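**Student:** pasting the sequence and the predicted coordinates here, then a few questions.
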Amino acid sequence: MLIFNRLYQFTKIMYAVAVFLTYNLQFYVPYTLLWPRICRKVLYKYGEDTINKCEHIFRIGLIFMTCK
């Protein structure tokens, strides 16, 4: 029984790692559709550094919107 328990624990850990590493890939398409519109309409008057910071905030915001 101990072997099955270890296999089960290992499977759970690998599944959690896979979800953790690929979760942000799910937002590639929404990001590529939404970011150019936001950047073009709102951020056209700011510098490159500010645009990069806003880009990171936008990506993090997309992820937080899906959290419970």
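**Tutor:** Here it is on my side, so go on. Residues are numbered from 1 along each chain as shown.

**Student:** in the chain, which residue is closest to the centre?
**Tutor:** By Cα atoms, centre = their mean, the chain has its centre lying nearest to residue 24, at 2.7 Å.

**Student:** give the helix, strand or coil label for it.
**Tutor:** Residue 24 falls in the helix class when you classify it by DSSP: H, G, I helix; E, B strand; the rest coil.

**Student:** from what I can see it touches residue 63, true?
**Tutor:** Yes: Residue 24 is within contact range of residue 63, at 6.6 Å (criterion: Cβ atoms under 8 Å). In short, each C-beta sits where N, CA and C put it, glycine included.

**Student:** residues in contact with residue 26?
**Tutor:** If you count contacts by Cβ atoms under 8 Å, 6 or more residues apart in numbering, residue 26 has none.

**Student:** hang on, I meant residue 62
**Tutor:** Residue 62 is in contact with 27, 30, 31, counting by Cβ under 8 Å, 6+ apart.

**Student:** do you know the pLDDT at it?
**Tutor:** The per-residue pLDDT reported for residue 62 equals 85.

**Student:** numbering from 873 from now on, please.
**Tutor:** Got it, first residue is 873 now, which makes that one residue 934.

**Student:** return the distance of it relative to residue 896.
**Tutor:** 9 Å (Cβ to Cβ, to the nearest Å).

**Student:** now residue 908
**Tutor:** Remark: distance between residue 908 and residue 896 (Cβ to Cβ) = 19 Å.

**Student:** now do residue 907
**Tutor:** Residue 907 is 14 Å from residue 896, where distance means Cβ to Cβ.

**Student:** now residue 915, what's its secondary structure?
**Tutor:** Per three-state DSSP, the local secondary structure of residue 915 is coil.

**Student:** that one contacts residue 921, correct?
**Tutor:** No: Residue 915 is not in contact with residue 921 according to Cβ under 8 Å; the separation is 11.4 Å.

**Student:** the more surrounded of the two?
**Tutor:** A direct count of neighbours by other Cβ atoms under 10 Å for residue 915 and residue 921 places residue 915 higher, at 15 against 8.
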